[in-house]
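**Student:** can you look at this prediction? I've put the sequence above it.
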Amino acid sequence: MDFALSEEQRMLQDSISGYLESGCPLTRVREVAEARDDRADDVWEELTNLGVHGVLIDEDYGGVGLGCLEAALIAEALGHAVAPVPYAASSIMAPTALAMAGSDEQKEAWLPRIAGGEAVVGVGVTEQIGRRETEGVTSADGKLNGKAMFVLDGASADVLMIASDDGALHLVDPNGPGVTRNKLKTIDRTRTVAEIGLDGASSDVLPGSDANREPLLTTIDVGRMILAADTLGAAQSMLDKSVDYAKERRQFNRVIGSFQAVKHMCAEMAAELEPCRSLVWYTAHAYAAIPEEGRLMACHAKAHLAEVGKFVARKSTEVHGGMGITDLLGLHYWFKRIGFNRQLLGAPELVREEAAQVQEWV
Amino acid sequence: MDLEYSPEYRAFRDEVRTFLDENKHRAPNAARMIPGRPNSPKEWQQLLIEHGYAARTIPKEYGGYGAEPDILKTRIIAEEFARARVPTGHSGDNRLVPTVLELGTEEQKQWLVPPSVRGEMTWCQGYSEPGSGSDLASLSTKAELDGDEWVINGQKIWTSGAQNADMMFCLVRTEPDAPKHNGISYLVFSMDTPGIEVRPLVSMMGDAFFNEVFFTDVRVPKDQIIGKRGEGWFVANTTLRYERGGLGDPNEAENRLNRIVDMMKRETVSGERLIDNPIYRDRLLKLQGQILAMKFNGMRVLSHNIKGEEPGMARWIVKLNGCELNHQMAGLAIDVLGELGLLYDGSDYLRDGGFWQARYMLDLGLIIGGGTAQIQKNMIGERALGLPKEPKVEAA
């Protein structure tokens, strides 16, 4: 019994965090965001060298073959740095679906390229969680019709993985006939989402997902877990910045952190956030080790981190006073990253309702 | 991460389960119990000690079971008793006994620990005073040495169980000229000592759980001091550490949540099960997420403790969050019951023996007691996050 990270896991996270600290400072994030680039190419390349994109991919396909906990630790580091690179969909959800449901040909075609940083996959499953301004995607005779919204990491992805209404997952060429792509502008300029129009587009279905919703649901589970871990990192960063600021900023001849009003905001952030670390670890561990709990934990991690993230984002901004809402300080990049993670793949109310269904309460 | 228990611990868990299966019928009724009240009959306690499920690590010569400290086994016992909804035994008094074992003389250990462990010597804690609550170190109840005796004068308050306790461990000011933290001593004495008056302090729950205790020329033998003169604050912090550790158990919280789930599947309003109402259900699910997070946080703290590491922030937040979640759960249970949630005092139609109303009020008390939520936030801010203290205001 040891509820803790291994030495290797700590080293992995330290190496990613260590690189991002120097290689992806706020100035670099700002450059990417202001240019509205889809990603920071230099950061992407170095993360490729560190094995990030192949974390879940088998060594046979050029990956490093680690587990969900390692994937979550990387997500935490990326969230902490608000790193402007695809990850949740391209490096985690897509390889999970391919490994579970892909044909040998599909795996050989895409897994090595994902691991090698040569291909980005956009994943569109929004309609399977909560359908909004769209009719969804229908699949018939190898052709797809309809619209997929909020396709994650999708703006300049080399291939798309789209869920149809029957739960099947399809690989789609974004430049193929009958496919239109519209990059949507969100609050968060560090990740991308796209609207994909499908008008008789060719589908390359993942055979294991045909008439089997499990690959889709598992893909959503891991996506939720990764967004939760990303929020954990982003919120920890906001707490750290708040504490640093409260130790420096002086008013009434005192540092503001000596006022209980400010100190208690910091303490409340810490009290809310600290247990989230254990929830994320457990969720990531349970995915492989306690599979019967995996879906429930993914729901709770997603929903709870969304709530705590929102709380920390707001309180941290308040601790920074007027500076908190300026572009100059840049705290808003974390605020928006947390907001993005909250809405994607199911807002907390929807995800908690799924948790009720998983437990057969309703 | 390795959440599997090794064969030794799996076998131990089986052993505890077998014991509980065979002896559960002899246990006092847990569902009606309110924490802090005397609830462990002596026969049950004796049985638990014989099997090593109570007073487990207290040495045999002081009436315990005498096992080597093993945090995981202690946890397994707590988990299995909670699962079976059987009350655990005690280790005498979880504040006093560890303190005496750590800082007492051999005579004091022999005198105080064995009867406490048997449940024949019960304790109350004389710390808080009307003028010294969160600022405990400002306490003014004084003890002056007169020959071979301390003479105590002053008043304590919030003294849980003082009307039934055999003994008190008490903080008194013995060095009036020393700085406030260095002028305190830790005395132990019988509640039958002449000059002690206990007046019940009725709480909002309607019971006299707390008391005020008045001391008028109470004479206590000189050697009934734990630690040295003026070191009482250090001695008391040893006990405060044990008390805080005892609050906010996440396993207990999870059990309580499961009771609410059962209740929401059972209770109906206008023919609809409460769990089918999306608003009540969402409140329940929010709490479940928080409680799971605290449960896993508890596992993390446990793993640090097993390895002798300092858990850091994960430990500092336990009391604050645990007590708050318990209070919120009781609040949800009452709301789920609607008008039935008002019933009290053994009324007709009362659910769960009035447990939830009692908990709702008691848990608010626990948010305040043992270091208020605000004091907890100061400690998180100052000791864990390193924020500066408030500037000192000199006494007028």
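**Tutor:** Good, I have the coordinates.
**Student:** now the helices: where do they sit in chain B?
**Tutor:** Ranges of helices in chain B, per DSSP state H, are B:7-23, B:42-51, B:71-83, B:96-103, B:106-118, B:232-245, B:250-266, B:278-306, B:313-316, B:318-337, B:355-368, B:373-379.
**Student:** can you list those in CSV and add distance to chain A?
**Tutor:** The C-beta positions use only the backbone N, C-alpha and C, and glycine is treated the same way. As requested, these are exported to CSV (distance: least, C-beta to the nearest C-beta, whole Å):
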stretch, distance to chain A
helix B:7-23, 7
helix B:42-51, 22
helix B:71-83, 6
helix B:96-103, 24
helix B:106-118, 28
helix B:232-245, 15
helix B:250-266, 7
helix B:278-306, 4
helix B:313-316, 5
helix B:318-337, 5
helix B:355-368, 13
helix B:373-379, 4
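**Student:** got a markdown table for the ones you listed, with mean neighbour count, distance to A:Leu47 and mean pLDDT too?
**Tutor:** As requested, those are exported to a markdown table (neighbours: other C-beta atoms under 10 Å in any protein chain shown; distance: least, C-beta to C-beta, whole Å; pLDDT from 0 to 100):
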| stretch | mean neighbour count | distance to A:Leu47 | mean pLDDT |
| --- | --- | --- | --- |
| helix B:7-23 | 14 | 40 | 96 |
| helix B:42-51 | 17 | 55 | 90 |
| helix B:71-83 | 18 | 39 | 87 |
| helix B:96-103 | 22 | 50 | 93 |
| helix B:106-118 | 18 | 59 | 96 |
| helix B:232-245 | 19 | 42 | 73 |
| helix B:250-266 | 17 | 36 | 89 |
| helix B:278-306 | 22 | 28 | 94 |
| helix B:313-316 | 20 | 28 | 94 |
| helix B:318-337 | 22 | 35 | 95 |
| helix B:355-368 | 20 | 45 | 93 |
| helix B:373-379 | 19 | 38 | 96 |
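**Student:** for B:Tyr62, find the nearest of those helices.
**Tutor:** helix B:106-118 (4.0 Å; C-beta to C-beta).
**Student:** can I get the helices of chain B in TSV with distance to A:Asn49?
**Tutor:** Below are the helices of chain B laid out as TSV (distance: least, C-beta to C-beta, whole Å):
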stretch	distance to A:Asn49
helix B:7-23	42
helix B:42-51	58
helix B:71-83	41
helix B:96-103	53
helix B:106-118	61
helix B:232-245	46
helix B:250-266	41
helix B:278-306	32
helix B:313-316	33
helix B:318-337	40
helix B:355-368	51
helix B:373-379	43
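**Student:** and of those helices, who's closest to A:Glu248?
**Tutor:** That would be helix B:373-379 among the helices of chain B, by C-beta to C-beta, at 19.9 Å.
**Student:** from A:Leu169, how far out is A:Asn212?
**Tutor:** To A:Leu169, A:Asn212 is 10 Å away according to C-beta to C-beta, to the nearest Å.
**Student:** shared neighbours of these two, which are they?
**Tutor:** Shared contacts of A:Asn212 and A:Leu169 (C-beta atoms under 8 Å, 6 or more residues apart in numbering or on different chains): A:Ala101.
**Student:** who has more neighbours, these two?
**Tutor:** A:Leu169 (32 against 17; other C-beta atoms under 10 Å in any protein chain shown).
**Student:** now that one: phi and psi?
**Tutor:** phi -110, psi 130 (degrees, to the nearest 10).
**Student:** got the contact list for it?
**Tutor:** By C-beta under 8 Å, 6+ apart, the residues touching A:Leu169 are A:Ala97, A:Ala101, A:Met161, A:Ile162, A:Ala163, A:Val205, A:Leu206, A:Ser209, A:Pro215, A:Leu216, A:Thr219.
**Student:** for those residues, which one is nearest chain B?
**Tutor:** A:Thr219 (21.8 Å; C-beta to the nearest C-beta).
**Student:** and the closest residue in space to B:Ser128 that isn't next to it in sequence, how many neighbours?
**Tutor:** Nearest non-adjacent residue to B:Ser128, counting by C-beta to C-beta, 6 or more residues apart in numbering or on different chains: B:Trp158, 4.6 Å away. Number of residues near B:Trp158 (other C-beta under 10 Å) recorded here: 22.
**Student:** look up how far B:Met264 lies from B:Trp158.
**Tutor:** Noted for B:Trp158: a distance of 35 Å to B:Met264, by C-beta to C-beta.
**Student:** then A:Leu329?
**Tutor:** For A:Leu329, the distance to B:Met264 - C-beta to C-beta - is 45 Å.
**Student:** can you check A:Asp141 too?
**Tutor:** 47 Å.
**Student:** again, but for B:Pro278
**Tutor:** Distance, B:Pro278 to B:Met264, using C-beta to C-beta: 12 Å.
**Student:** before we move on, what about A:Arg249?
**Tutor:** 47 Å.
**Student:** tally of neighbours for the nearest residue to A:Glu272 once chain neighbours are set aside?
**Tutor:** Sequence neighbours aside, A:Val308 is the residue nearest to A:Glu272 in space, at 4.7 Å (criterion: C-beta to C-beta, 6+ apart). Using other C-beta under 10 Å, A:Val308 has 26 other residues around it.
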